[in-house]
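Enquirer: below are the sequence and a predicted model for it; my questions follow.
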Amino acid sequence: MSHRRCGVDADAEAEDYDVDREAGADSGSAIAEFALIGSLLALVLAGTLQIGLVIHVRNTVIDSAVAGARQASLADQSNADGKRLASELITVSVGERYAQSITVTTARHGQDDVVEVRVRTPLPVLGLWGPAEVWDLSGRSVVEDVDSD
């Protein structure tokens, strides 16, 4: 039995509705898909930024250690001067927490004396926070010899 109302076939309209419903069955999943993909992309972005921060901290501490070693290797400077410079550079660049454990030693390598500034720093795991004194980073410089001709 066919129902007609105002020239519209109700059975035909119901069939059209079922066909449309099957064709657009996942039309409501766009919101869920966006939420899942958006959160995944946010995690990827956060991880990428953290890796960049880790590399920045590592390079900054190594550069500061090298600058401290250069300072200590000058003829009119001492190991304490190199340690102080390395500590100041690290404190200004990445924070005082990263400049807690700095040692300066002088050793003989072949014909030359070499100053080594060794810095034990935290590994930044979440932002700048992480386990203390995990990294052992160093910088070296040959001691300036003013007596030789």
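Expert: Done, it's in.

Enquirer: where does the protein have low pLDDT?
Expert: 1-28, 148-149 (pLDDT under 70).

Enquirer: where do the strands sit along it?
Expert: Taking DSSP state E to define them, one finds strands in the chain at 4-5, 8-9, 101-109, 112-121, 135-142.

Enquirer: to residue 84, which of these lies closest?
Expert: With CB to CB as the criterion, residue 84 lies closest to strand 101-109 of the strands of the chain, at 9.2 Å. Where you see a C-beta, it was placed from the backbone N, CA and C, and this is true even at glycine.

Enquirer: that closest one vs strand 112-121, what angle?
Expert: Angle, strand 101-109 to strand 112-121, by axes from the mean of the first three to the mean of the last three CA atoms, to 10 degrees: 160 degrees.

Enquirer: counting by contacts, list what strand 101-109 packs against.
Expert: helix 30-73, helix 79-93, strand 112-121 (3 or more CB pairs under 8 Å, 6 or more residues apart in numbering; DSSP states H and E).

Enquirer: what's the most buried one of the strands of the chain?
Expert: Of these, the one with the most neighbours on average (mean count of other CB atoms under 10 Å) is strand 112-121, at a mean of 20.

Enquirer: for residue 41, which of the strands of the chain is the nearest?
Expert: Ranking the strands of the chain by distance to residue 41, with CB to CB as the measure, places strand 135-142 first at 29.8 Å.

Enquirer: one step back: columns distance to residue 70 on top of the strands of the chain, output as TSV?
Expert: Formatted as TSV, the entries for these read as follows, by distance: least, CB to CB, whole Å:
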stretch	distance to residue 70
strand 4-5	93
strand 8-9	89
strand 101-109	12
strand 112-121	8
strand 135-142	5
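
Enquirer: please consider this matter closed, and thank you.
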